[in-house]
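Novice: Return a 3D structure for these sequence lines:
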Amino acid sequence: MADVVWKDRKRIIFGLPWTFTRYSLTQEKLVIDTGFISRKEDEIRLYRILDITLNRPLGQRIWGLGTIRLNTADKSSPEIEIKRIKNAKQVKEMLSDMVERERDEKRIAAREFMGYGDDDVDHVN
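Specialist: Residues are numbered from 1 along each chain as shown. Presented below is the predicted three-dimensional model:
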């Protein structure tokens, strides 16, 4: 994989990373790898992320965790959650900055996503 700028695991009770969900972020994409025996890898290009929301319920805040919800222009994964991670606020801010930078580099404007359900937006101007 390209240079990973952030990685973590979904955490469980007491904030321990004893799960089989791994997250990694590069300059161009977010990868979510789940499973132990049967594994699945979801990948989302950063420029396809439309909205980022941070959710930190009390149970997660106690252990210093949070969940980031992403709404995307991806047909196979229109909503993605980066669940129960450490430093969620910093990760959200970093991800938001990286999404904007990637859109600028690819010259993708928000108006190109307005009809994202109707046709594919993989094209670049």
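
Novice: I would like the residues contacting the longest helix along the chain, please.
Specialist: Counting by DSSP state H, the longest helix found in the chain is helix 88-106. Helix 88-106 is contacted from outside by 5-6, 8, 25, 27-28, 30, 45-47, 49, 52, 54, 56, 60, 65-68, 82, 85, 109, 124, using Cβ atoms under 8 Å, 6 or more residues apart in numbering. Quick note: C-beta positions are derived from backbone N, CA and C, even for glycine.

Novice: residue ranges for the helices of the chain, please.
Specialist: Going by DSSP H, the chain shows helices at 58-62, 88-106.

Novice: To Asp74, which of the ones you listed lies closest?
Specialist: Nearest to Asp74, of all those, is helix 88-106, at 13.0 Å by Cβ to Cβ.

Novice: contacting residues around Val5?
Specialist: Here Val5 is in contact with Leu25, Thr26, Gln27, Met94, Met98 (Cβ under 8 Å, 6+ apart).

Novice: Report the buried residues of stretch 11-26.
Specialist: For stretch 11-26, the neighbour count (16 or more other Cβ atoms under 10 Å) marks Arg11, Thr21, Arg22, Tyr23, Ser24, Leu25, Thr26 as buried.

Novice: May I ask which two of the contacts of Val5 are separated the most?
Specialist: Thr26 and Met94 (12.1 Å).

Novice: does the residue most central in space within the chain have beta-bridge partners, and which?
Specialist: Centroid-nearest residue in the chain, with Cα atoms, centre = their mean: Leu30, separated by 5.3 Å. Taking DSSP bridges as the rule, Leu30 bridges to Leu25, Ile44.
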